[in-house]
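Q: Dropping a prediction and its sequence here:
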Amino acid sequence: MKILGIIPARFASTRFPGKPLIDLAGKSMIQRVYEQAKKATSLSDVVVATDDEQIFEAVKAFKGNVILTSSKHLSGTDRCAEVANKMTGYDAIINIQGDEPLIDPSQINLLANCFNDISTDLATLVKKIETQEELFNYNTPKVIINKNFDAIYFSRQVIPYLKNIEPKDYLNNHKFYKHIGIYGYRTSTLGIISSMEIGDLEKSEMLEQLRWIENGCKIKVAVTRNESLAIDVPEDIDRVLEAILAIDLEKKKQN
């Protein structure tokens, strides 16, 4: 199976403009994401998809694959769909978040393995929620999955609601999952979902995967134990830098 890893990257982020080009211990964030994605053995190729000339040139500078896309796309999925039309011959596409410089290649492989099942058209990752802070953080989307490991619903609210249980005891009475924002699409499915109109659920929660569920699509879920560190706002940089420096220090010790 040929799988293409696409890293959507745009300069004009509302919360953090220019985020892909920030320096993280000597490398731009987009370079770090790219290098991590290249380590995933499940991917035949990796490409950055951007609408910005600065990002385009930065990727070229570290000899990465990059393609210019339209600036009109509203989501990373739409940007992936444009790339899939230009780079043909792939059975599936993995949409890799451009703000996770420490993304674990094994997570990419785990998601790619979902497409070994011919019935899988869409896939994503989830992780068990371990803390109260995560559970009640509206910036952390929660997921309900069924016994077939299909996602039933995503919400920024805590779902499900536990009747007669105090919120402080939720984690002791139910296994909650959070969404890890990496997606996989069967290539034939990507064109279909990118043409869907935004529905009421997506407008309400501002989560694009609800558009697919509202249209009757199945989203296969794989459970990861690995944490992901994303840079959403400038305040996240120090936490990620600390993790990068710790990894570098460990490598030096091993050598």
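A: Perfect, I can see it now. Numbers count the residues shown, from 1 in each chain.
Q: Please make it C-alpha for all contacts and neighbour counts, starting now.
A: Fine.
Q: Now whichever strand in the chain runs longest: buried residues?
A: If you go by DSSP state E, the chain has its longest strand at strand 177-186. Using 16 or more other Cα atoms under 10 Å as the burial criterion, the residues of strand 177-186 that qualify are 177, 178, 179, 180, 182, 183, 184, 185, 186.
Q: Helix or strand: which one has the nearest residue to the third one once chain neighbours are set aside?
A: Of all residues not flanking residue 179 in the chain, residue 126 sits nearest, at 4.6 Å (Cα to Cα, 6 or more residues apart in numbering). Assessed by DSSP states H and E, residue 126 sits inside strand 122-128.
Q: Adjacent strands (with direction) for the longest strand of the chain?
A: strand 92-95 (antiparallel), strand 122-128 (antiparallel), strand 142-145 (antiparallel) (DSSP bridges).
Q: Quickly compare the ones you listed and say which is most buried.
A: Across the strands paired with strand 177-186, the average number of neighbours (mean count of other Cα atoms under 10 Å) peaks for strand 92-95, which reaches a mean of 26.
Q: Could you check how far that strand is from the centre of its chain?
A: Offset of strand 92-95 from its chain centre (Cα atoms, centre = their mean, to the nearest Å): 10 Å.
Q: Tell me the first helix or strand C-terminal of it.
A: helix 105-113.
Q: Tell me what angle that next one forms with strand 122-128.
A: Here helix 105-113 runs at an angle of 130 degrees relative to strand 122-128 (axes from the mean of the first three to the mean of the last three Cα atoms, to 10 degrees).
Q: Which other helices and strands does helix 105-113 contact?
A: The helices and strands touching helix 105-113, judged by 3 or more Cα pairs under 8 Å, 6 or more residues apart in numbering; DSSP states H and E, are helix 29-38, strand 92-95, strand 122-128, strand 177-186.
Q: Where does pLDDT dip in the chain?
A: Confidence mapping of the chain against pLDDT under 70 gives the ranges 14, 255.
Q: tell me the helices in it, going along the chain?
A: For the chain, the helices defined by DSSP state H cover 29-38, 53-61, 76-86, 105-113, 132-135, 170-173, 187-194, 200-205, 209-214, 237-254.
Q: Could you list every helix and strand in contact with the second one?
A: Under the contact definition 3+ Cα pairs under 8 Å, 6+ apart, helix 53-61 sits against strand 66-68.
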